[in-house]
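> coords please:
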Amino acid sequence: MAEEKIPYPVDYSSDFFKNAVCSEIRSCLINRKANACPMAVRLAWHASGTYDKTDGSGGSNGGTMRHPLEASDDANAGLGILRDMLLPVK
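Residues are numbered from 1 along each chain as shown. Now for the predicted structure:
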């Protein structure tokens, strides 16, 4: 049987990769130890709450909540737990 080669460049926007990432995120958020979905909603809310419509800065684009300046903001206290839970998805 001939080995199937992966075409390059890989289209990471395909449904296959989107579904794989969604599955990985789901397994990190909902497991035997915890259901972190409410915390995920809070993280998304805080990330998108920084969006500035006038210049298009802020928001969730770029994942800036992982950088120390934003992560250490008092309003984002406790969200490091969720960021740590999602590290395996890299």
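> Specify the helix with the largest residue count in the chain.
helix 15-29 (DSSP state H).
> List the buried residues of stretch 62-81.
Going by neighbour count (16 or more other Cβ atoms under 10 Å), the buried part of stretch 62-81 is Met65, Glu70, Asn76, Leu79. Quick note: C-beta positions are derived from backbone N, CA and C, even for glycine.
> Kindly indicate whether the closest residue to Leu79 other than its chain neighbours is helix, strand or coil.
Excluding the flanking residues, the one nearest Leu79 by Cβ to Cβ, 6 or more residues apart in numbering is Leu43, at 5.1 Å. Assigned with DSSP: H, G, I helix; E, B strand; the rest coil, Leu43 falls in the helix class.
> about what we covered before: which ones among the buried residues of stretch 62-81 map onto helices?
Short answer: the buried residues of stretch 62-81 in helices (DSSP H) are Glu70.
> Just flag the most distant two among the buried residues of stretch 62-81.
Largest separation among these by Cβ to Cβ: Glu70 and Leu79, giving 9.7 Å.
> any common contacting residues for the two?
Taking Cβ atoms under 8 Å, 6 or more residues apart in numbering as the criterion, Glu70 and Leu79 do not both touch any residue.
> Just the pLDDT at the residue lying closest to Ala34 once chain neighbours are set aside, thanks.
Distance criterion Cβ to Cβ, 6+ apart; nearest residue to Ala34, sequence neighbours excluded, is Met85 at 7.9 Å. Per-residue confidence (pLDDT) for Met85: 89.
> my guess is Met85 meets Ser27, correct?
No: in this structure, Met85 is not within contact of Ser27 by Cβ atoms under 8 Å, at 10.2 Å.
> Tell me which of these two has more neighbours.
Per other Cβ atoms under 10 Å, whichever of Met85 and Ser27 has more neighbours is Met85, with 18 against 11.
> what's near enough to touch the more buried one?
Cys28, Leu29, Ala34, Ala36.
> are any of those residues buried, and which?
Buried among the contacts of Met85 (16+ other Cβ under 10 Å): Cys28, Leu29, Ala36.
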